[in-house]
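Visitor: fold the following, please.
(chains A and B)
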Amino acid sequence: MAYPSFEDGFLSGSDFSPLQGALRRAGAGLRRLARRWGLLAGFLAAWQIGSSFGWLNPSVFPSLDSIGIALVKGIASGALVDDIAISLQRSGLAFGAALALGIPMGLLMGQIRAVEEALDPILQFFRQTSALALYPVFILLLGLGEASKVFVIFWATLFPILLATIGGVKQVDRKLIEMAQAFGARRVTIFARVILPAAVPSIFVGLRLSATTALLLLIAAEMIGANKGLGFQVMNAQYNFQIPQMFAAILLLALLGLGANAVLVALQRRLCRWAETAR
Amino acid sequence: MTQVTTPRGEVAVRNLSKSFALNGQQLNVLRDLDLDIRGGESLAIVGPSGCGKTTLLRVLAGLEAPDAGEVRIDGLPVQGISAERAIIFQEPRLLPWLTVLGNVAFGLQVRGVDTAEAEARARRYIRLVGLSEFEAAYPRQLSGGMAQRVGIARALTVQPEILLLDEPLGALDAMTKLVMQEELVRIWRDEGVTLILVTHDLEEAIFLADRVLVLPKEKGARPRLIDITLPRPRERSEPAFVAMRRRLMAEFGLH
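Guide: Here you go, the predicted structure:
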């Protein structure tokens, strides 16, 4: 939580002239900016300089401006837009399905010991089996179309959500549940007003882990058997030696991941304002 | 808000027994306990650790079922949890995602009172414990003493006849503890509730209680009830207070 510090407020305003105060604030802002983004800016600058002076092989590391141009062209012509749409659709469907199944199932398993005991061994077994290793099986079962791609992503994203939800429910403070019981709360009320809110931060850890996994599996699935999508574009551009286009697609994937994480973090901040949110 | 205070909140304990299994051994915590608590009185339960004082309070609260015997409230046998009793735990046990107001209203809300009504009643008790300015604060922003006041307000908001306190000030620092003891006396007097308090602090017991129940460690010995006849408000340094403390300490074999 950010409180206004003395420095931002009245001290600088009363002890110094307004201009000095503004300069000091601007200086502090710049320092903060440099601390946070300096290394990234340096990395990009090194790339750009290295590439344009020929220290890096420009056919492997094309200059940033050529990547930017490829990106803008791809989006303006609509070619990359289709890929973004289909990639979003695949990962979104799978993530949504994992969420819709994983959270209720996790809540149930965390609550009822018998259910957890019965399901745990098979879940542990499935979880340790790499989703990519199972992809050929899914292709055999569901064909090379959308279904197998969505399913492999769903498979990989389900487990982090499920396990985090179970963990969240099980680690709810027994004393809080007893407190609610002592006030005469019924089981349903205890679930809705104590267990569920207490599990939310843990569920979000699972969601953020799953979002990352979803993109990872998306790319792998699209590289193996697709003719559309950002993962396909990365592979395809490399085959055709269109390196700026390849980096443009990679950049889009990175942005997609950052965007998904930002949405989840914002949602988490909103729902878990009471807890110290992990970054 | 004015209420007619009829003598309510009478507790009668009859032949109460409770045992636990510990490492395969049967451990009798309470045996054939009889106890009458008058409506509106303040009773402190003291005793060495392991004497069953917390167990007795939890049975009275309905959080534990006795093995034998019964608890009657206002003449009627009770089982489990019911609306006329409220408990204050040693830890505040606040829900961290609710504000002070939300936490205090929680007890009423889970009993089906709608939010507006519950919050209106909660505000009255938040004022009573002196936390009106902190209504919108979250538990992690409160000090230990403030959090415990919230717990007290939450219990008072359901307007119980009987207030059960399980070492409620045990975790507080010495200064806060003294202030809170005076607050408890004031609340008990203003609300006309029966106050049943478990404590390991003899001074606290003498300061708060009309009677002190001393539970013995050896299960053969009978529990003893000691009347505290000191006038209120009580002063810890008064000779009579000091004498009473000495007498209670003698009960424990401490001189």
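
Visitor: how about the residues of the stretch 51-200 of chain A by chain B?
Guide: A:175-176, A:178-186, A:189, A:193-194, A:197-198, A:200 (C-beta under 8 Å from any C-beta of the partner chain). The C-beta positions use only the backbone N, C-alpha and C, and glycine is treated the same way.

Visitor: from the residues you listed, list the buried ones, please.
Guide: Neighbour counting with 16 or more other C-beta atoms under 10 Å in any protein chain shown marks A:176, A:178-185, A:189, A:193-194, A:197-198, A:200 as buried within these.

Visitor: farthest-apart pair in the residues you listed, please.
Guide: A:Gly184 and A:Val200 (24.2 Å; C-beta to C-beta).

Visitor: and chain B, which of its residues are near chain A?
Guide: So far as C-beta under 8 Å from any C-beta goes, chain B lies against chain A at B:61-63, B:81-83, B:86-87, B:89, B:91, B:93, B:95-98, B:106-107, B:109-111, B:138-140, B:154, B:158.

Visitor: helices of the chain, start to end?
Guide: Assuming you mean chain A. A:10-15, A:18-52, A:64-76, A:79-111, A:113-128, A:131-142, A:146-170, A:174-182, A:187-190, A:196-225, A:230-239, A:243-271 (DSSP state H).

Visitor: correction: the question concerned chain B.
Guide: Under DSSP H, chain B gives helices at B:53-61, B:100-109, B:115-128, B:144-157, B:174-191, B:202-208, B:239-251.

Visitor: next, format those helices as a markdown table and append mean pLDDT and mean neighbour count.
Guide: Converted to a markdown table, the helices of chain B look like this (pLDDT from 0 to 100; neighbours: other C-beta atoms under 10 Å in any protein chain shown):
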| stretch | mean pLDDT | mean neighbour count |
| --- | --- | --- |
| helix B:53-61 | 91 | 23 |
| helix B:100-109 | 95 | 25 |
| helix B:115-128 | 93 | 18 |
| helix B:144-157 | 92 | 24 |
| helix B:174-191 | 89 | 16 |
| helix B:202-208 | 94 | 23 |
| helix B:239-251 | 90 | 14 |
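
Visitor: could I get the ones you listed as a markdown table with distance to A:Met109?
Guide: Output for the helices of chain B, formatted as a markdown table (distance: least, C-beta to C-beta, whole Å):
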| stretch | distance to A:Met109 |
| --- | --- |
| helix B:53-61 | 30 |
| helix B:100-109 | 27 |
| helix B:115-128 | 31 |
| helix B:144-157 | 31 |
| helix B:174-191 | 42 |
| helix B:202-208 | 45 |
| helix B:239-251 | 51 |
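
Visitor: between those, which gets nearest to A:Leu207?
Guide: Nearest of the helices of chain B (C-beta to C-beta): helix B:100-109, 25.0 Å.

Visitor: A:Thr189 and B:Cys51: what is the separation?
Guide: 35 Å (C-beta to C-beta, to the nearest Å).

Visitor: contacting residues around the closest residue in space to B:Glu251 that isn't next to it in sequence?
Guide: Nearest residue to B:Glu251, sequence neighbours excluded (C-beta to C-beta, 6 or more residues apart in numbering or on different chains): B:Val214, at 5.1 Å. B:Val214 sits next to B:46-47, B:223-226, B:248, B:251-252 when contact means C-beta atoms under 8 Å, 6 or more residues apart in numbering or on different chains.

Visitor: of those, which is the nearest to A:Glu146?
Guide: B:Gly47 (70.3 Å).

Visitor: and the nearest residue in space to the closest one that is not next to it in sequence, how close does it get to chain A?
Guide: Nearest in space to B:Gly47, with sequence neighbours left out and distances taken as C-beta to C-beta, 6+ apart, is B:Leu215 at 3.5 Å. From B:Leu215 over to chain A the distance is 22 Å, taken as C-beta to the nearest C-beta, to the nearest Å.

Visitor: OK, contacts around B:Leu215?
Guide: B:45-47, B:51-53, B:56, B:223 are the contacts of B:Leu215 under C-beta under 8 Å, 6+ apart.

Visitor: per-residue confidence at it?
Guide: pLDDT for B:Leu215: 89.

Visitor: need phi/psi at it.
Guide: Reported as degrees, to the nearest 10, the phi and psi values for B:Leu215 are phi -90, psi 130.

Visitor: ok, now A:Val60?
Guide: phi -100, psi -40.

Visitor: mind checking how far it is from chain B?
Guide: 51 Å.

Visitor: my read: that residue touches A:Met246, true?
Guide: No - if you go by C-beta atoms under 8 Å, A:Val60 and A:Met246 don't touch, sitting 10.0 Å apart.

Visitor: comparing the two, which shows the higher neighbour count?
Guide: A:Met246 (22 against 10; other C-beta atoms under 10 Å in any protein chain shown).

Visitor: show the pLDDT at the residue nearest to the more buried one when sequence neighbours are not counted.
Guide: Among residues not flanking A:Met246 along the chain, A:Ala237 sits closest, at 3.7 Å (C-beta to C-beta, 6+ apart). A:Ala237 is assigned a predicted lDDT (pLDDT) of 91.

Visitor: any idea how far A:Ala237 is from chain B?
Guide: A:Ala237 is 47 Å from chain B, by C-beta to the nearest C-beta.

Visitor: residue contacts, that residue?
Guide: A:Ala237 touches A:243, A:245-246, A:248-249, counting by C-beta under 8 Å, 6+ apart.

Visitor: quick one on the thing from earlier: what about the residue nearest to B:Glu251, distance to chain A?
Guide: Distance of B:Val214 to chain A, computed by C-beta to the nearest C-beta: 26 Å.

Visitor: nearest residue to B:Val179 other than its sequence neighbours?
Guide: With C-beta to C-beta, 6+ apart, the residue lying closest to B:Val179 is B:Gly145, at 7.3 Å.

Visitor: typo on my end, it should be B:Gln90
Guide: Closest to B:Gln90 by C-beta to C-beta, 6+ apart is B:Glu167, at 4.5 Å.

Visitor: A:Lys175 touches B:Phe89, doesn't it?
Guide: Yes - with contact defined as C-beta under 8 Å, A:Lys175 counts as touching B:Phe89 (7.2 Å).

Visitor: of the helices of chain A, which stretch is the most buried?
Guide: The highest mean neighbour count among these, using mean count of other C-beta atoms under 10 Å in any protein chain shown, belongs to helix A:146-170: a mean of 23.

Visitor: that helix - contacts with which helices or strands?
Guide: Other helices and strands packing on helix A:146-170, by 3 or more C-beta pairs under 8 Å, 6 or more residues apart in numbering or on different chains; DSSP states H and E, are helix A:79-111, helix A:113-128, helix A:131-142, helix A:196-225.

Visitor: what's the domain layout of chain A?
Guide: Annotated domains of chain A cover A:10-60, A:68-271 [automatic domain parsing].

Visitor: lowest average pLDDT across the ones you listed?
Guide: domain A:10-60 - the lowest mean pLDDT of those, at a mean of 82.

Visitor: and it, how far out from the chain's middle?
Guide: Remark: domain A:10-60 is offset 27 Å from the chain centroid, using C-alpha atoms, centre = their mean, to the nearest Å.

Visitor: just stretch A:183-193 next, same as before
Guide: 33 Å.

Visitor: show me what contacts the residue nearest to A:Leu99 when sequence neighbours are not counted?
Guide: The shortest distance from A:Leu99 to any non-neighbouring residue, by C-beta to C-beta, 6+ apart, is to A:Ile161 (6.1 Å). Applying C-beta under 8 Å, 6+ apart, we find A:Ile161 in contact with A:98-99, A:102-103, A:106, A:203, A:206-207, A:210.

Visitor: thanks a lot, see you next time.
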